[in-house]
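In: after the sequence you'll find the predicted model.
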Amino acid sequence: MFSKKTVMIAGIIILVGICITVISISGKRGYSSYGSGVAMLFISPFQETVTHSIYFVRDIWKRYFFLVSAAKENSELRKSLRYTKEENTHCDEIKSANIRLRGLLDFRENNI
């Protein structure tokens with residue numbers, strides 16, 4: 001009749017509602033009654049499961065954004081490396097031209 005997902009979500013909402021109700025009732029009395037202790041005994045495993053699931057999803061989400069920022073930084077570093085390689089090649093060409101020109105200049109001075 002209902003899908004598993006719908007039943008699961010409704011069950012979680014009901015459990016959270018029961019937890020909040022029990023906590024608020026025990027907080028007003030100033031002490032914990034026997035009934036709320038039994039309720040907490042049954043509800044705590046579900047609450048722990050939900051809490052661990054939330055933390056798991058949160059950690060995955062944080063790692064996803066970390067990987068996105070790392071990929072962006074990687075792209076920027078590749079661009080910077082490409083620019084540096086081009087500058088290095090340009091400097092090598094200037095150095096070679098300088099050596100050739102010095103050789104020509106020395107040749108001219110020797111012949112004059």
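Out: Received it, and whenever you're ready, just let me know what you need. Numbers count the residues shown, from 1 in each chain.

In: count of neighbours near residue 46?
Out: Burial of residue 46 is recorded as 15 neighbouring residues (other C-beta atoms under 10 Å). The C-beta positions use only the backbone N, C-alpha and C, and glycine is treated the same way.

In: that one against residue 15, yeah?
Out: Yes: contact criterion C-beta atoms under 8 Å: residue 46 and residue 15 qualify, at 5.2 Å.

In: quick one: mean pLDDT over the helix or strand where residue 98 lies.
Out: Per DSSP states H and E, residue 98 falls inside helix 34-111. The average pLDDT within helix 34-111 is 88.

In: list the helices and strands it packs on?
Out: Applying 3 or more C-beta pairs under 8 Å, 6 or more residues apart in numbering; DSSP states H and E, one finds that helix 34-111 makes contact with helix 4-29.

In: now the helix it packs on: how far from the chain's centre is it?
Out: 31 Å (C-alpha atoms, centre = their mean, to the nearest Å).

In: buried set for it?
Out: Across helix 4-29, burial judged by 16 or more other C-beta atoms under 10 Å covers 15, 18-19, 22, 26.

In: mind putting the residues you listed into CSV with pLDDT and distance to residue 86?
Out: Listed next are the buried residues of helix 4-29 as CSV, based on pLDDT from 0 to 100; distance: C-beta to C-beta, whole Å:
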residue, pLDDT, distance to residue 86
15, 84, 62
18, 83, 66
19, 77, 63
22, 73, 68
26, 66, 71
